[in-house]
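Engineer: next input, structure requested:
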Amino acid sequence: MDLRRPVPFALLTLAAFLVSRWLGIGLHEVVGHGLFAILAGGSFYGVYVSPVTGFTLLHLPPGTADATRILVVLAGILVEILLGLVVFRLYPRARTFAGRLFVLALLEILLVYSFAYLALGVFGASGGDPYQVVRTVGAPHLGVALFAVGILWAVSIGYAISVEVLRLVAPTLSLRRQLAYVVLFWTVPLPVAAIPNVVGALVAPVSLITYVLLLVMIGAGLVFAGIRLSKEEQGLPRMDRASGRVAPLAVAALLVLPAWFAFGLSSESAERLLLAEPPLAAEGDLANPVAVNVRVNLTSSEDVVLEFRMKGVPNPRSPLERQAWATFEDRADFSFWTPAAGLYAKVMMNATFWNATGQEIDRTGTVWFDGEERTNPRLLTFQPERPEDEPRFLNVTQSGTRTFLTLTVREPFRNLPVECPGCFLDELNLTWPASGPSGISYVFVNVTAQGGNPDELVAPSLRYARYRASTFEDSPDLWRLVLEIV
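Structural biologist: Just a heads-up that it's a prediction; the model follows:
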């Protein structure tokens, strides 16, 4: 078989792309992000790799320097570019046509695609590594620089590869027919990169049959276009036969395809690999958004006990991420939850000093979030450390011969001294006793929410009031419970 003919050339290009793209993304995710995260003292516990895209599940310890975080984020691109330079130096050692075409495809992935990602990944919609760097540094001009550098090098290297493709395949053909081979080299692999995204947008879950049909249709169309442009059977100048061992490349490509289907066609359907249980400290990374319910208990001794029920309620995009998040159903990083609840307690009650008296996973309770009850919340209990702070949230007033006890609770996120845009308390519960010290009784007067438009349930006979909010606008600024002391 003459591998310079359009159909063998197109098929060989597609096989080379599949293998080299898989290798490139594997290096990017595993050797780049994963290995560098471990070297930075973090954890690398999950990975998804395909010929289209990939991602890693990793955790860097709190307090990791921004420079180190940036290095881990850019490590994937750096590893690909460095290896691409090594491959470029070794290219002349490839002696066969098939070997040289594979090396050119590998250079396409390691250099052109990496620099293109460096450029296009600065845009926020991409959520790419360069965008994460620009956001961490807080320098928009860095994004412009990365875009310019990436585009310049991607175009330059792409031109050099195209010239070498022509030198390899069709040095004596007309310009039009030479361009046909360049088009085949760069466009035949495009269905592999584009179809999973298209199918993922149109079909949920991704249909394997739909994907294969689209791949065959578009791939066949590109090959047919290449045949027509090249006029294979109509006066193509005679060329020396280009041959070589294609079996190793074909076998590698055939192994990539079933592995791709097994791991998931796209990042949204990724199923593997969870390499290890995520470290406990990773719960804080993954717990976004967070459901926060608070119960403010006024006891019969006129003390206030706060019960925080909190839980991360993310929406993992893939089975792999759901598998990682599910490991936190039976374990909790209380070094993350307790300080957060302690801060909310200070703001809610306008008092600085609180004692954390309990922390556990509430196996029998739930936390309310966006119309649903979620199981296994983290239950954290707090009591005031200093009795003299009680007048900040609990006070007694006289009105003629009547005595009233007023409990005031502020919405923590609306009053936090740090910025938390869009955050709000999902549910607030107020409870009060029937009687107090020295035989006094409490008679319910009213409970009010200032601002917002929460879902309200007040049951004076049960000595209970509940407020729920589904949006930031629904959440009140504060709540005030008034009891008459009899």
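Engineer: pull up the pairing partners for the helix or strand harbouring Ala449, direction included.
Structural biologist: Using DSSP states H and E, Ala449 sits in strand 442-450. Strand pairing for strand 442-450, determined by DSSP bridges: strand 478-485 (antiparallel).
Engineer: what's the strand it pairs with in contact with?
Structural biologist: Applying CB atoms under 8 Å, 6 or more residues apart in numbering, the contact partners of strand 478-485 are 298, 396, 402-411, 428, 430, 432, 436, 440-451, 465, 467. C-betas here are computed from N, CA, C, even on glycine.
Engineer: what average pLDDT does that strand get?
Structural biologist: For strand 478-485, mean pLDDT is 95.
Engineer: list the buried ones in that strand?
Structural biologist: In terms of neighbour count (16 or more other CB atoms under 10 Å), strand 478-485 has its buried residues at 478-479, 481-483.
Engineer: repeat that for stretch 275-288.
Structural biologist: For stretch 275-288, burial by neighbour count (16+ other CB under 10 Å) applies to 278, 280-287.
Engineer: just checking, what packs against the helix or strand following the strand holding Ala449?
Structural biologist: Per DSSP H and E, the first helix or strand lying C-terminal to strand 442-450 is strand 455-459. Judged by 3 or more CB pairs under 8 Å, 6 or more residues apart in numbering; DSSP states H and E, the packing partners of strand 455-459 are strand 464-468.
Engineer: what angle sits between the strand it packs on and strand 442-450?
Structural biologist: 10 degrees (axes from the mean of the first three to the mean of the last three CA atoms, to 10 degrees).
Engineer: distance from strand 464-468 to the middle of the chain?
Structural biologist: With CA atoms, centre = their mean, to the nearest Å as the basis, strand 464-468 stands 34 Å off its chain's centre.
Engineer: equivalent analysis for stretch 325-337, please.
Structural biologist: That offset, for stretch 325-337, works out to 18 Å (CA atoms, centre = their mean).
Engineer: got the buried residues for it?
Structural biologist: By neighbour count on 16+ other CB under 10 Å, the buried set for stretch 325-337 is 325, 327-328, 332-334, 336-337.
Engineer: and the residue sitting furthest away from the middle of the chain, how close does it get to Val7?
Structural biologist: Distance to the chain centre peaks in the chain at Thr401, reaching 60.8 Å (criterion: CA atoms, centre = their mean). Distance, Thr401 to Val7, using CB to CB, to the nearest Å: 101 Å.
Engineer: just give me the closest of the buried residues of stretch 325-337 to Ala253.
Structural biologist: Ala253 lies nearest to Trp325 out of those, by CB to CB, at 33.9 Å.
Engineer: tell me which element the closest one is part of?
Structural biologist: helix 319-326.
Engineer: flag every buried residue along that helix.
Structural biologist: Neighbour-count burial for helix 319-326, counted by 16+ other CB under 10 Å, picks out 319-321, 323-325.
Engineer: can you redo the residues you listed as TSV with distance to Gly76?
Structural biologist: Below are these laid out as TSV (distance: CB to CB, whole Å):
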residue	distance to Gly76
Pro319	23
Leu320	18
Glu321	18
Gln323	23
Ala324	20
Trp325	23
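Engineer: kindly indicate which of the residues you listed lies nearest Gly124.
Structural biologist: Gly124 lies nearest to Glu321 out of the buried residues of helix 319-326, by CB to CB, at 20.9 Å.
Engineer: pretty sure that closest one sits against Leu57.
Structural biologist: Yes - judged on CB atoms under 8 Å, Glu321 makes contact with Leu57 at a distance of 7.1 Å.
Engineer: Three-state assignment for Cys420, please.
Structural biologist: coil (DSSP: H, G, I helix; E, B strand; the rest coil).
Engineer: isn't it up against Phe413?
Structural biologist: Yes - counting by CB under 8 Å, Cys420 sits close enough to Phe413 to count as a contact (5.4 Å).
Engineer: quick one, which of those two is more surrounded?
Structural biologist: In terms of neighbours (other CB atoms under 10 Å), Phe413 is the more surrounded of Cys420 and Phe413; the figures are 19 against 10.
Engineer: then the more buried one would be within a strand, right?
Structural biologist: No - Phe413 is assigned coil when assessed by three-state DSSP, not a strand.
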